[in-house]
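1. sequence unknown, structure follows:
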């Protein structure tokens with residue numbers, strides 16, 4: 001066992017001591033206990049039952065295997081999934097005949113995620129970290145439960161930096177797989193080829209701080225020959241390099257760039273025959289569409305176009321375009337006004353394949369079986385958490401494999417969002433998702449919260465959010481604003497907050513209050529603001545720099561010191577110069593950054609504030625929250641502070657998520 005992971009098996013201690021037990025055991029977990037609904041008022045027939053927080057989080061999260069690995073077992077009989085059925089994410093299999101789930105891991109503390117089946121046998125790749133610290137490794141799990149840590153022995157605890165391994169791709173013949181590693185330098189990802197039998201590895205591409213180092217931009221062709229690299233100049237300007245891994249030099253060749261203007265070029269993988277690179281670009285219009293580059297000819301051709309961006313998701317290999325291994329089927333997923341729009345094409349005859357037999361909802365993360373005959377896919381909606389479905393492409397049929405929604409909840413008591421827009425302070429149209437509680441009416445107006453997503457540059461999208469549904473169920477309207485700078489609405493909108501974070505986008509948040517006041521079912525005297533990560537920062541900025549606008553604020557893992565976060569690379573941007581271009585230079589623009597850092601103006605906070613944080617957060621170090629809370633309290637502000645000792649940037653454990661949600665509600669009930 002490597003030194004890096006020796007403490008994964010240590011006991012669970014209190015704050016600032018490594019958190020416990022990553023032990024992966026061969027043990028099936030029993031059915032979860034369902035919480036009973038807790039109606040608060042019997043009321044009239046049209047009023048919903050009102051549930052406690054536990055009921056919302058006793059839903060189960062299901063997801064297909066991470067990062068583009070094989071979801072179907074070698075014999076096609078089982079599916080590899082991730083789930084928090086036990087309260088902590090673990091790796092599971094589901095038998096496609098019986099529907100039975102079996103646990104591959106049984107961690108009680110640290111989230112473990114399934115990555116991929118081995119293509120020719122029953123071994124599995126797993127990944128995980130300790131307490132959310134993002135120092136990840138990748139493990140091979142044998143059928144008997146034996147683990148092989150693929151990270152060599154060493155000390156990789158680098159404060160504020162991501163270190164360890166990440167899965168990138170399988171070689172199509174199944175003889176090798178590729179992992180990126182930051183063990184040599186936490187800011188530089190190198191590519192290794194691992195032998196699938198011996199686990200012996202060789203570095204096939206050594207990165208450099210002088211060369212492009214794309215921490216999220218590796219794609220390897222199915223034949224194992226070609227590597228594509230995204231070079232990140234700024235958030236608006238990406239180039240693509242190609243590396244021939246069969247050559248001796250293995251030097252990057254710049255193949256896609258726009259030297260006279262800022263254009264996004266991002267790798268999306270390769271065609272199944274390894275003949276073309278697939279890449280996404282906004283070079284030809286407002287939106288991000290798919291094109292191809294011939295690897296021998298260098299010919300460029302359009303592949304997928306539409307009226308919206310092809311979806312760019314959170315995982316490294318999921319960019320909204322998927323192929324079956326035989327190349328017959330191609331699925332494109334568009335980000336259509338915060339909702340997924342799916343186009344499945346049979347490339348043999350060019351016809352679109354209807355999936356109308358599936359329920360209405362957001363489809364995502366498709367995984368094809370090796371022979372292309374079946375498809376596993378995720379489906380969710382605002383009122384239903386993500387469930388897994390199995391589609392038979394030959395028969396045109398499909399069925400659900402999981403039941404994510406807690407049966408103690410009536411779906412009729414939950415709320416579907418509505419896409420609404422308003423004109424901001426300068427006339428720019430701002431979209432967002434509005435959740436109206438069942439209790440709300442012109443005679444019974446309700447308080448409201450503006451919900452700010454993270455990023456910067458992320459997006460609030462449709463789908464089940466237990467915190468939002470919990471607060472809405474208790475009578476709080478939620479407006480999930482997609483302020484300027486959010487993705488999904490074209491590059492002009494995305495770039496509208498450049499070098500103006502905490503100012504231009506904050507203006508949208510502030511302007512949304514007047515918009516909400518115009519709804520007769522919202523109480524215009526009771527409106528607050530909340531958000532996570534960058535949304536937590538904007539919440540702090542609103543409470544500090546616009547202290548009289550919102551009546552309360554809730555900051556979740558938000559940062560308070562702009563310059564410090566940029567200097568540390570807290571946004572996970574692959575290159576610090578890119579962060580400086582986007583946000584400002586921590587030294588050259590120090591005064592500018594300090595002027596919009598809530599930490600230094602905490603004495604301006606006048607309204608009640610709630611701060612939630614993870615002690616192991618490597619993106620926003622806990623001292624930023626400690627100092628902000630202390631300074632605000634010393635100035636006389638009412639600040640409540642919740643710190644989870646075993647969490648990082650976001651809360652993964654169900655018990656902690658329940659605790660946090662209940663704390664938010666208690667705070668709002670007292671102050672809003």
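-> Everything's here; your move. Please read all numbers here as calculations on a predicted model, not as lab measurements. Numbers count the residues shown, from 1 in each chain.
2. secondary structure class for the closest residue to residue 237 other than its chain neighbours?
-> Once flanking residues are discounted, residue 237 sits nearest to residue 262: 3.9 Å by Cβ to Cβ, 6 or more residues apart in numbering. The way it works is simple: take the backbone N, C-alpha and C, and place the C-beta from them, glycine included. With DSSP: H, G, I helix; E, B strand; the rest coil as the basis, residue 262 sits in coil.
3. test my guess that residue 262 contacts residue 235.
-> No: the pair residue 262 / residue 235 is not scored as a contact, 9.1 Å apart, by Cβ atoms under 8 Å.
4. pick out whichever of those two has more residues nearby.
-> residue 235 (23 against 16; other Cβ atoms under 10 Å).
5. low-confidence ranges in the chain?
-> The model of the chain has pLDDT under 70 over residues 1-46, 66-68, 131-134, 154-163, 210-216, 312-319, 567-579, 581-582.
6. what about residue 419, distance to residue 473?
-> 21 Å (Cβ to Cβ, to the nearest Å).
7. the strands in the stretch 401-550 of the chain, which residues?
-> Using DSSP state E, counting those that start in this stretch, the strands of the stretch 401-550 of the chain run over residues 418-423, 429-435, 446-452, 477-481, 522-532.
8. so which of the ones you listed comes closest to residue 147?
-> When the strands of the stretch 401-550 of the chain are compared by Cβ to Cβ, strand 522-532 sits nearest residue 147, at 32.8 Å.
9. tell me what that closest one is packed against?
-> With contacts taken as 3 or more Cβ pairs under 8 Å, 6 or more residues apart in numbering; DSSP states H and E, strand 522-532 sits against strand 446-452, helix 504-517, helix 534-545, strand 553-556.
10. and that strand, what's buried?
-> 522, 523, 526, 527, 528, 529, 530, 531, 532 (16 or more other Cβ atoms under 10 Å).
11. about what we covered before: can you say which of the helices and strands packed on strand 522-532 is nearest to residue 273?
-> Among these, if distance is taken as Cβ to Cβ, the winner is helix 534-545, at 40.4 Å.
12. if we can go back for a sec, same list, the buried residues of strand 522-532, but as a markdown table with distance to residue 108 please.
-> Below are the buried residues of strand 522-532 laid out as a markdown table (distance: Cβ to Cβ, whole Å):
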| residue | distance to residue 108 |
| --- | --- |
| 522 | 42 |
| 523 | 43 |
| 526 | 40 |
| 527 | 40 |
| 528 | 35 |
| 529 | 35 |
| 530 | 30 |
| 531 | 30 |
| 532 | 25 |
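13. could you identify the most distant pair in these?
-> Largest pairwise distance in the buried residues of strand 522-532, by Cβ to Cβ, is 24.5 Å, between 523 and 532.
14. which residues in this structure form helices?
-> For the chain, the helices defined by DSSP state H cover 3-6, 53-57, 466-473, 491-494, 504-517, 534-545, 562-567, 576-583, 590-594, 622-634, 654-671.
15. thinking again about what came up before, so residue 419 and residue 473 - more neighbours on which side?
-> Neighbour count, other Cβ under 10 Å: between residue 419 and residue 473, residue 473 has more, with 26 against 13.
16. which ones are touching that one?
-> Listed by Cβ atoms under 8 Å, 6 or more residues apart in numbering, the contact set of residue 473 reads 48, 50, 51, 56, 413, 414, 415, 437.
17. now do it against residue 529, distance only.
-> 20 Å.
18. repeat for residue 235
-> 24 Å.
19. touching, residue 335 and residue 487? I think so.
-> Yes: between residue 335 and residue 487 there is a contact under Cβ under 8 Å: 7.5 Å.
20. who's in contact with residue 504?
-> 484, 485, 496, 497.
21. how far off centre is stretch 265-284?
-> Between the centre of stretch 265-284 and the centre of its chain there are 22 Å (Cα atoms, centre = their mean, to the nearest Å).
22. tally up the residues packed near residue 471, please.
-> Neighbourhood size, residue 471 [other Cβ under 10 Å]: 26.
23. and what of residue 246?
-> As a burial measure, residue 246 scores 11 neighbours (other Cβ under 10 Å).
24. so it sits against residue 225, correct?
-> Yes: counting by Cβ under 8 Å, residue 225 is a contact partner of residue 246 at 5.1 Å.
25. correct me if wrong: residue 506 contacts residue 545.
-> Yes: in this structure residue 506 lies within contact range of residue 545 using Cβ under 8 Å: 7.1 Å.
26. quick one: which of the two has more around it?
-> residue 506 (23 against 18).
27. and the more buried one, how far is that from residue 297?
-> Using Cβ to Cβ, residue 506 is found at 48 Å from residue 297.
28. how about residue 59?
-> Using Cβ to Cβ, one obtains 50 Å as the distance from residue 59 to residue 297.
29. these two: which has the busier surroundings?
-> Set residue 59 next to residue 297 and count neighbours by other Cβ under 10 Å: residue 59 wins out with 24 against 9.
30. residues contacting that one?
-> 385, 404, 405, 406, 409, 464, 466.
31. please, a PyMOL command that selects the buried ones among these?
-> Remark: buried members of the contacts of residue 59, expressed as a PyMOL selection using 16+ other Cβ under 10 Å:
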select buried, resi 385+404+405+406+409+464+466
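32. and residue 323, bridged to which residues?
-> Note on residue 323: beta-bridge partners residue 330, judged by DSSP bridges.
33. OK, contacts around the residue nearest to residue 596 when sequence neighbours are not counted?
-> Counting by Cβ to Cβ, 6+ apart, the nearest residue to residue 596 once its immediate chain neighbours are dropped is residue 502, at 4.0 Å. Residue 502 makes contacts with 537, 538, 541, 545, 562, 596, as judged by Cβ under 8 Å, 6+ apart.
34. distance check, residue 502 against residue 339.
-> Counting by Cβ to Cβ, the gap from residue 502 to residue 339 is 29 Å.
35. ok, now residue 183?
-> For residue 183 relative to residue 339 (Cβ to Cβ), the value is 40 Å.
36. what of residue 61?
-> Distance of residue 61 to residue 339, given as Cβ to Cβ: 20 Å.
37. kindly report the same for residue 258.
-> 30 Å.
38. do residue 109 as well
-> Relative to residue 339, residue 109 is positioned 35 Å away (Cβ to Cβ).
39. from residue 645, how far out is the residue lying closest to residue 628 once chain neighbours are set aside?
-> Spatially, and ignoring its direct neighbours in sequence, residue 628 is nearest to residue 560 (4.2 Å; Cβ to Cβ, 6+ apart). Remark: distance between residue 560 and residue 645 (Cβ to Cβ) = 20 Å.
40. again with residue 227
-> Taking Cβ to Cβ, one finds residue 227 at 40 Å from residue 645.
41. neighbour count for those two, which is higher?
-> Ranked by neighbour count (other Cβ under 10 Å), residue 227 and residue 645 place residue 227 first, with 24 against 17.
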